[in-house]
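**Q** here is a sequence together with a model predicted from it:
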Amino acid sequence: MRADQYLDIDAAVSEALARNQPVVALESTIISHGMPHPQNVDTALAVEDAVRNSGAVPATIAIIDGRLKVGLSAEDIEQLGRKGQQVIKTSRRDLPFVVARRETGATTVATTMIIAALAGIRVFATGGIGGVHRGAAETMDVSADLEELARTNVAVVCAGVKSVLDIGKTLEYLETKGVPVIGYRTDELPAFYARSSGHPVDYRVDTAEDIAIAMKTKWALGLHGGIVIGNPVPDEAALDSAEIDAVIDAAIVEMADQGISGKETTPFLLARIAEKTKGRSLATNIALVLNNARIAANVAAAYSALQ
């Protein structure tokens, strides 16, 4: 049996891949679990437009009725947005069950990477990657995103590690797994809502072309695994580091008091942060995702030109 028997690639995406044109993978958890309706649908469509306007073909990825969909229709995106958290948040461990039961699932960073790689897509834009959770020494709560970055050949453009996580320990984990962390025109890893985290990146790279060369070289050497490309949120949309850290700390205490853990952690924290910042964090989230989509399109175009 072949994995691609479960795969449905949109005609525009398939044609672009066949012609070696740039394609950017996009996740769907941000639609179902990352934002409220209708902002989630509006943002997903705007992100696709940002990719197109930057010269690449968008491929939003999800599982629809057990099929791995690479490239969604507007109706599919609307369905995911309206159902919201009723849609199964699907990571690596969940994927075979969602497919076997012919269910609908929204893909995390890890699962989007898996499906993108199956389709032959090498560049993926998201908001922020998962990582090592605060207090992981006791809980052992580490995102499957990190293991996927260690094994799957997809470059991920993001605004850094989600700032509700332990950024330092996440970087240590990635270093152990041999995953390079690049700063796009920055010497520090972005902190999602804020432009800097105080943690240096492995390499600063200032052009999409240089990123593409690093991607090609890494995989040509047989060094399997992804690359993290940290792209800071635009300055005008960034939040103050001290302010957002205080908000996150308060939200984490509230989460612990309510006994929330596992898959429900990130949606709970994002909702509380949006509430406590009176919507400013949601506006920042939207701005950084759009920015990442544009840079990912540039990287995808540069990588296609090398093939």
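**A** Here it is on my side, so go on. Residues are numbered from 1 along each chain as shown.
**Q** mind listing the strands the strand of greatest length in the chain pairs with, and their directions?
**A** In the chain, assigned by DSSP state E, the strand with the most residues is strand 57-64. Taking DSSP bridges as the criterion, strand 57-64 sits next to strand 23-26 (parallel), strand 67-70 (antiparallel), strand 105-107 (antiparallel) in its sheet.
**Q** can you show me the CA trace of it as CSV?
**A** Coordinates of the C-alpha atoms in strand 57-64 are reproduced here as CSV (Å, rounded to 0.1, in the frame of the first residue of the first chain):
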residue,chain,number,x,y,z
VAL,A,57,0.6,28.7,-5.1
PRO,A,58,-1.1,28.2,-1.6
ALA,A,59,-1.9,24.7,-0.4
THR,A,60,-3.9,24.7,2.8
ILE,A,61,-3.9,21.2,4.2
ALA,A,62,-6.5,19.3,6.2
ILE,A,63,-8.2,15.9,6.5
ILE,A,64,-11.7,16.0,5.1
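**Q** tell me the buried residues in stretch 140-149?
**A** The neighbour-count criterion (16 or more other C-beta atoms under 10 Å) identifies Asp141, Val142, Ser143, Ala144, Asp145, Leu146, Glu148, Leu149 as the buried residues of stretch 140-149. Where you see a C-beta, it was placed from the backbone N, CA and C, and this is true even at glycine.
**Q** for the strands paired with strand 57-64, give me JSON lines that also has mean neighbour count, mean pLDDT and distance to Val289.
**A** Formatted as JSON lines, the strands paired with strand 57-64 follow (neighbours: other C-beta atoms under 10 Å; pLDDT from 0 to 100; distance: least, C-beta to C-beta, whole Å):
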{"stretch": "strand 23-26", "mean neighbour count": "30", "mean pLDDT": "98", "distance to Val289": "9"}
{"stretch": "strand 67-70", "mean neighbour count": "22", "mean pLDDT": "98", "distance to Val289": "19"}
{"stretch": "strand 105-107", "mean neighbour count": "28", "mean pLDDT": "98", "distance to Val289": "15"}
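**Q** and the ones you listed: which comes nearest Thr126?
**A** Closest approach to Thr126 among those (C-beta to C-beta): strand 23-26, 7.5 Å.
**Q** show me where the stretch 151-300 of the chain dips below the pLDDT cut-off.
**A** Counting by pLDDT under 70, the stretch 151-300 of the chain has low-confidence residues at 262-263.
**Q** reformat the strands paired with strand 57-64 as a markdown table; add distance to Ala117.
**A** As requested, those are exported to a markdown table (distance: least, C-beta to C-beta, whole Å):
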| stretch | distance to Ala117 |
| --- | --- |
| strand 23-26 | 9 |
| strand 67-70 | 11 |
| strand 105-107 | 12 |
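**Q** of those, which is nearest Asp206?
**A** Scanning the strands paired with strand 57-64 with C-beta to C-beta as the criterion, the closest one proves to be strand 23-26, at 20.1 Å.
**Q** which is the next helix or strand following the closest one?
**A** Using DSSP states H and E, the helix or strand that directly follows strand 23-26 along the chain is helix 29-32.
**Q** got a list of contacts for that following helix?
**A** In this structure, residues lying in contact with helix 29-32 by C-beta atoms under 8 Å, 6 or more residues apart in numbering are 40-41, 43-44, 60, 62, 77, 80-81, 83-85, 87, 89-90, 106-109, 126-127, 289.
**Q** do stretch 132-152 as well
**A** When contacts are taken as C-beta under 8 Å, 6+ apart, the neighbours of stretch 132-152 outside the stretch itself are 91-93, 108-110, 113-114, 117, 129-131, 156, 164-166, 169-170, 172-174, 177-179, 224-226, 228, 252, 261-262, 265.
**Q** phi, psi for Cys158 please.
**A** For Cys158, the backbone dihedrals are phi -150, psi 170 (criterion: degrees, to the nearest 10).
**Q** how many residues are close by it?
**A** Cys158 is surrounded by 26 other residues when neighbours are defined as other C-beta atoms under 10 Å.
**Q** ok, Lys177 next?
**A** Neighbours of Lys177 under the rule other C-beta under 10 Å: 14.
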